[in-house]
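Using only what follows, build the 3D model:
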Amino acid sequence: MKKGLNSILSFVAVAALSLLMVAFTVPQEKWVVPDKYKSMENEFPGEDEDGIGEELYDQHCKSCHGKEGFGDGTKAKELETPLNDLTSDEVQSQTDGELYYKAIIGRDEMPNFEKKIRDEEERWMVINYLRSLAK
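Residues are numbered from 1 along each chain as shown. Predicted structure coming up:
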């Protein structure tokens with residue numbers, strides 16, 4: 001009886017360890033952006049001339065994404081989700097609407113900023129600032 005219980009406990013331990021190993025090696029699920037955002041036009045295109053986008057980035061984004069957008073902020077190592085380099089072609093080639101969805105709506109560890117950045121123009125200034133990081 002004791003031998004059977006030890007066998008069951010050993011099996012459960014191995015199964016749990018296997019599941020943990022798989023969980024940490026499964027690639028991150030692709031971020032699917034709804035079509036309405038993919039084709040969304042930036043209502044305020046251009047430069048972040050008055051610095052609002054940069055100020056909001058510093059306030060809400062820099063701690064994870066880093067000062068220059070490389071994904072090396074002070075909180076980045078605390079996250080389970082790897083951060084993309086915001087200056088990369090992969091990020092910069094996305095539409096403004098895709099960036100808006102990811103930066104403002106968020107998912108998982110990327111928070112939603114709809115309540116923190118209420119003004120639509122200010123939201124777009126963040127997107128304009130993200131574009132400037134690649135320069």
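
I figured Tyr57 hits Tyr129, correct?
Yes: using CB atoms under 8 Å as the test, Tyr57 is close enough to Tyr129 to be in contact (5.2 Å). For the C-beta atoms, the positions are set from N, CA and C on the backbone; glycine is no exception.

Helices of this structure, residue ranges please.
Ranges of helices in the chain, per DSSP state H, are 2-25, 35-38, 52-60, 62-65, 89-92, 96-100, 120-132.

Any idea which of the ones you listed has the lowest pLDDT on average?
Here the lowest mean pLDDT among the helices of the chain goes to helix 2-25, at a mean of 52.

Spatially central residue for this structure, please.
Among the residues of the chain, the one closest to the centroid is Met110, at 4.5 Å (CA atoms, centre = their mean).

quick one: the closest residue in space to that one that isn't next to it in sequence and Asp50, what's the gap?
Nearest residue to Met110, sequence neighbours excluded (CB to CB, 6 or more residues apart in numbering): Lys102, at 6.8 Å. Using CB to CB, to the nearest Å, Lys102 is found at 24 Å from Asp50.

neighbour-wise, which of those two wins?
Neighbour count, other CB atoms under 10 Å: between Lys102 and Asp50, Lys102 has more, with 19 against 9.

So that one is in contact with Asp108, correct?
No: contact between Lys102 and Asp108 fails when scored by CB under 8 Å: they sit 11.0 Å apart.

how many neighbours does the spatially closest residue to Leu99 that is not a sequence neighbour have?
Closest residue in space to Leu99, ignoring its immediate chain neighbours: Ile127 at 5.1 Å, by CB to CB, 6+ apart. The criterion is other CB under 10 Å. On that basis, Ile127 has 22 neighbouring residues.

ok, Ile127 - contacts?
Asn42, Gly53, Asp96, Leu99, Tyr100, Ala103 (CB atoms under 8 Å, 6 or more residues apart in numbering).

May I have the residues that are in contact with the last one?
This points to Ala103. Ala103 makes contact with Cys61, Met110, Phe113, Arg123, Val126, Ile127, Leu130, according to CB under 8 Å, 6+ apart.
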